[in-house]
Each structure stands twice: as C-alpha cells, then as structure tokens.
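S.K.: take a look and give me a structure for this.
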Amino acid sequence: MQNDPRKRPSAAIITLGCKVNQYESEAIAEELERRGFSTDAAGAADVYIINTCTVTAESDRKSRQAIRRAMKENPDSFVIVTGCSAQYDADKIAKIQGVDAIVGNREKMKAVDAAISLLHQGKKNTSPAIDVPDLDGADFEKTAITKFDRTRAYIKIEDGCESRCAYCTIPAVRGSIRSKAPEDVISEVQNFISDGCGEIVLTGIETGSYGKDLGGITLAELMERIDALDGIGRVRTGSLDPSVITEDFARRVSRLTCAAPHYHLSLQSGCSKTLARMRRKYNADMAYRALERLRAHIPDVCFTTDVIVGFPGESEEDFEETVHFARRARFLKIHVFPYSPRNGTEAAQMDGQVPEDVKKQRVHRLSALETQIRAELLSDYVRTHECAEVLFETFRGGVAYGHTPSFIEVAVDSPVSLSGQLRRVRLLSSDGERIYGKIEK
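M.R.: Coordinates of the predicted model:
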C-alpha cells in the first residue's frame with residue numbers, strides 16, 4: 001500500500017445492533033488504519049464492511065438493506081459482511097449479488113485481512129469467499145480500542161451467552177461464554193483514563209457472566225480492580241440479567257466510588273408465567289428482589305430495562321402483571337418491543353402466537369406508562385436534589401446535554417459546547433423527558 005495519505009485506500013464500516021458490535025467495528029477500524037487504510041473518507045469507499053445484527057427478524061432485514069445500499073452507492077466497491085447475521089445465515093447473504101466476502105464472529109478481525117486481499121486481487125469476486133467457522137471452543141478474540149466519542153468509552157469484556165432463552169438466536173451466533181483477561185481490561189481502562197475519558201461502560205453479550213470461564217474472578221471483582229485505578233471516572237455496566245444481582249454483588253458495587261448508580265436490567269417480562277415460557281433464569285419475584293437489593297444499598301440508583309410484549313401465550317392477565325411490575329419497579333426507561341418470531345427457535349413454534357394488533361396495543365400502553373413514570377421520577381429528583389454532577393456529551397442549538405450518575409438527562413443553556421466536561425448543575429425544572437438546570441459558577 002502507498003504511504004502517501006492521498007493514495008490510501010478508503011474503508012467504510014456500517015454497524016447495526018448492540019454496543020458489542022459497535023466496539024468490534026471500532027477495533028476493525030483501528031486495525032484498518034494501522035494497516036494503511038483511511039476510515040473517515042466522505043463519499044463512496046473502496047471497501048465496505050457491514051457489521052450485521054440478527055437479534056430480530058427486523059435486524060436481519062436492516063442488515064440486508066445496509067448491504068444493498070452500500071453496493072448501490074458504489075457498485076465497484078468491495079463488500080465484506082460480518083457479524084451475527086453473517087454467522088446466522090451466511091448462505092442467504094451469499095446470494096446477495098455483489099458481496100465479496102463473509103466473515104463470521106469467531107475471528108471478526110479477519111475482515112481486515114479480507115479487505116487487504118480483495119484490494120490486492122483488484123477485482124470483485126463472482127461468488128463470496130465465506131469464512132464462517134463453528135463457534136465451539138472459540139477463544140475470546142483479543143481486541144482493544146483507543147478511541148471514544150468525546151465522553152464515553154465502551155469496553156467489550158465478554159462474549160457469548162449460554163442462557164438458551166426460547167426466543168433467542170444469540171447463543172448460536174455468539175457461542176459460549178468467554179471473557180477478556182482482567183489485565184487486558186485494566187490496560188484498556190488505563191489508556192482511556194490517560195486520554196481523559198469521563199465514563200467507561202463495561203459491555204458484553206451477557207456482561208454479568210464475566211469471568212465464569214476464567215475461574216476466581218467475577219464482574220464485581222473486576223469493577224473493584226478498576227475502582228482502585230488513579231483517575232478513574234464513572235463506570236457503568238452493560239445489560240445485566242437480574243439473577244446476577246445477588247446480595248453480595250449489590251453490597252460490593254455499592255462501595256465503589258466509580259460505579260454509577262444506574263443499572264440496565266434485561267428483564268423481558270414482569271410475569272412469572274411468561275418468564276418461564278421464555279426460559280429465563282428467574283421469576284418476577286426474583287427480579288423485583290434484585291431491584292430492591294440495589295435500592296437498599298444505593299439510595300439514588302435508577303433502572304432502565306428491556307421488555308418483550310406479545311410473547312406466545314401471553315394473555316391479557318399476563319400482560320397486566322408486567323404492567324403492574326413496571327409500575328412498582330419505577331423504571332426510568334423501558335425499551336418496549338413486540339415479540340418477533342425467529343426461525344429455528346422454540347418460541348417460533350409455540351402455540352398461542354399473539355396477533356400483531358394486540359402487540360401494538362401492548363407496546364403503546366407500556367410505553368405510555370413508561371412516560372408517566374419517568375415524569376414522576378424526574379419531578380421527584382428535582383424536588384430532592386438541589387444540584388447534580390453532570391457529564392456533558394452533546395451540544396445543539398445553544399443547549400448542552402449530559403447525564404447525571406443515575407443516567408438522568410440534564411440540559412443547560414450554553415454559548416459553547418461542554419462535551420466531555422463534568423460540571424456541577426443547579427437543577428431547576430423538568431418537562432418529563434429531561435431536567436433543565438443552570439451551571440454552578
């Protein structure tokens with residue numbers, strides 16, 4: 001490859017899906033740059049890498065749409081497809097005309113090798129090269145990134161899932177639990193600290209399972225090691241299964257100065273019968289006790305969550321139990337989505353499939369409750385907190401936006417961007433979506 005920057009080949013990475021995918025895309029981008037590519041070129045690129053998602057049927061559709069859009073922008077570009085949709089159904093992706101290579105999740109960084117090989121080859125493949133090996137016995141793919149979006153950095157600490165939920169394809173496309181070595185996590189955190197990162201999010205496919213394959217270390221212990229680092233700011237975790245939140249976990253994280261008092265729980269339902277059909281590892285009472293454990297140890301803690309409505313067999317009474325649970329739990333945010341059948345899963349074959357119009361009604365009703373609860377929570381927060389430490393992230397139209405440690409959004413008028421700054425803010429009012437305040441001098 002040429003050393004002249006004007007002649008560097010360009011690569012564009014298109015990412016769908018979760019924070020793990022976003023982290024992996026950044027790792028691919030940084031490796032491409034190390035090996036002579038430009039990844040910030042405007043317009044059509046020489047190589048497109050599409051990092052796909054398959055968590056729902058809609059995710060697969062969007063992944064295929066992104067592939068076709070890339071080829072439409074520049075039919076002569078090389079197109080490499082990786083990620084979960086590639087692992088799940090490489091044969092279907094291979095039928096999309098113009099795809100040059102398909103790389104699975106076992107060694108995602110091979111997308112970089114594929115890009116270099118295609119450029120050296122100099123012409124598009126008549127049929128894609130497929131490198132999608134089985135995930136049995138896969139090791140944690142060693143990756144590290146150095147860049148973050150001004151304020152917040154994500155670190156992938158875990159891959160794989162062994163929950164085998166009835167509706168989910170993720171274990172098949174991500175494999176068994178495997179964890180990043182703790183010393184590698186610490187090294188990555190230290191690099192972000194030295195670059196002035198204000199907040200770090202530890203993420204994974206099943207973040208709470210960190211260390212199960214290593215022996216002798218848990219997520220709580222990893223967080224304790226991070227807490228001991230000089231200069232550490234806020235630390236959050238990715239989505240946690242409620243079964244992870246034991247009394248020991250709640251007690252240990254409550255002692256950490258870095259741990260933000262906000263947890264996202266992968267709830268899925270507030271009805272024990274529905275959770276059993278989903279084959280989750282807990283019932284509604286167990287999930288609620290997890291919330292109460294954290295609240296007992298961390299008074300300001302806030303929760304966000306995911307809920308699937310319209311799961312096969314979910315009656316109106318079952319849905320009412322989820323509504324009741326959400327009202328008691330007082331979630332700051334609920335990501336509500338209708339059940340989507342996935343081919344090859346147990347749930348797709350279950351009796352009692354819920355009509356689409358009923359799913360939409362349930363989404364609307366739970367979303368309306370979420371809006372009401374959030375307005376109440378924000379009003380209470382303004383009433384009980386005179387000020388808060390806000391880490392600012394974005395700036396638009398003369399207004400700076402950021403979040404408190406509890407992940408409550410705060411907006412302040414500002415003549416300049418405050419992105420990346422931690423400022424003390426006097427809290428004044430709320431509109432139900434966010435709190436408005438004024439920077440303390």
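
S.K.: can you pull the contacts of residue 74?
M.R.: Shown in contact with residue 74 (Cβ atoms under 8 Å, 6 or more residues apart in numbering): 44, 45, 48. Every C-beta, even on glycine, is put in place using the N, C-alpha and C of the backbone.

S.K.: over to residue 291?
M.R.: Here residue 291 is in contact with 242, 245, 265, 303, 329 (Cβ under 8 Å, 6+ apart).

S.K.: equivalent analysis for residue 312, please.
M.R.: So residue 312 contacts 277, 339, 347, 350, 351, 352, 353, 354 (Cβ under 8 Å, 6+ apart).

S.K.: redo that, cut-off 7 Å
M.R.: Going by Cβ atoms under 7 Å, 6 or more residues apart in numbering, residue 312 touches 347, 350, 351, 352, 353, 354.

S.K.: ok, the nearest residue to residue 62 once chain neighbours are set aside - how many residues close by?
M.R.: Excluding the flanking residues, the one nearest residue 62 by Cβ to Cβ, 6 or more residues apart in numbering is residue 16, at 5.8 Å. Counted with other Cβ atoms under 10 Å, residues neighbouring residue 16 total 22.

S.K.: re the thing from before, and the contacts of residue 291, which of them are in strands?
M.R.: Counting by DSSP state E, the contacts of residue 291 place 265, 303 in strands.

S.K.: farthest pair within the contacts of residue 291?
M.R.: Using Cβ to Cβ, the contacts of residue 291 span at most 12.8 Å, a distance reached by 245 and 329.

S.K.: so these two - more neighbours on which side?
M.R.: Neighbours were counted for residue 245 and for residue 329 using other Cβ under 10 Å; residue 245 has more, 23 against 20.

S.K.: which pLDDT value belongs to that one?
M.R.: As predicted, residue 245 sits at a pLDDT of 97.

S.K.: got phi/psi on it?
M.R.: Note on residue 245: backbone dihedrals following degrees, to the nearest 10 are phi -90, psi 80.

S.K.: before we move on, what SS does the residue nearest to it when sequence neighbours are not counted have?
M.R.: The spatially closest residue to residue 245, leaving aside those adjacent along the chain, is residue 290, at 3.8 Å (Cβ to Cβ, 6+ apart). Taking DSSP: H, G, I helix; E, B strand; the rest coil as the rule, one finds residue 290 in the helix state.

S.K.: surely residue 290 and residue 242 touch.
M.R.: Yes: here residue 290 reaches residue 242: they are 4.2 Å apart, a contact under Cβ atoms under 7 Å.

S.K.: what pairs with the residue lying closest to residue 23 once chain neighbours are set aside across the strands?
M.R.: By the measure of Cβ to Cβ, 6+ apart, the closest residue to residue 23 outside its immediate chain neighbours is residue 156, 4.4 Å from it. Taking DSSP bridges, one obtains residue 203 as the residues bridged to residue 156.

S.K.: would you confirm that residue 21 contacts residue 13?
M.R.: No: with contact defined as Cβ under 7 Å, residue 21 does not count as touching residue 13 (10.3 Å).

S.K.: now do the shared contacts for those two.
M.R.: Common neighbours of residue 21 and residue 13 (criterion: Cβ under 7 Å, 6+ apart): residue 51.

S.K.: for the top helix by length along the chain, buried residues please.
M.R.: As assigned by DSSP state H, the longest helix anywhere in the chain is helix 356-384. Within helix 356-384, the residues scored as buried using 16 or more other Cβ atoms under 10 Å are 359, 362, 363, 366, 369, 370, 373, 374, 377, 378, 381, 382.

S.K.: residue 401 - how many residues pack around it?
M.R.: Using other Cβ under 10 Å, the number of residues around residue 401 comes to 18.

S.K.: check contacts around it.
M.R.: Shown in contact with residue 401 (Cβ under 7 Å, 6+ apart): 392, 393, 394, 409, 411.
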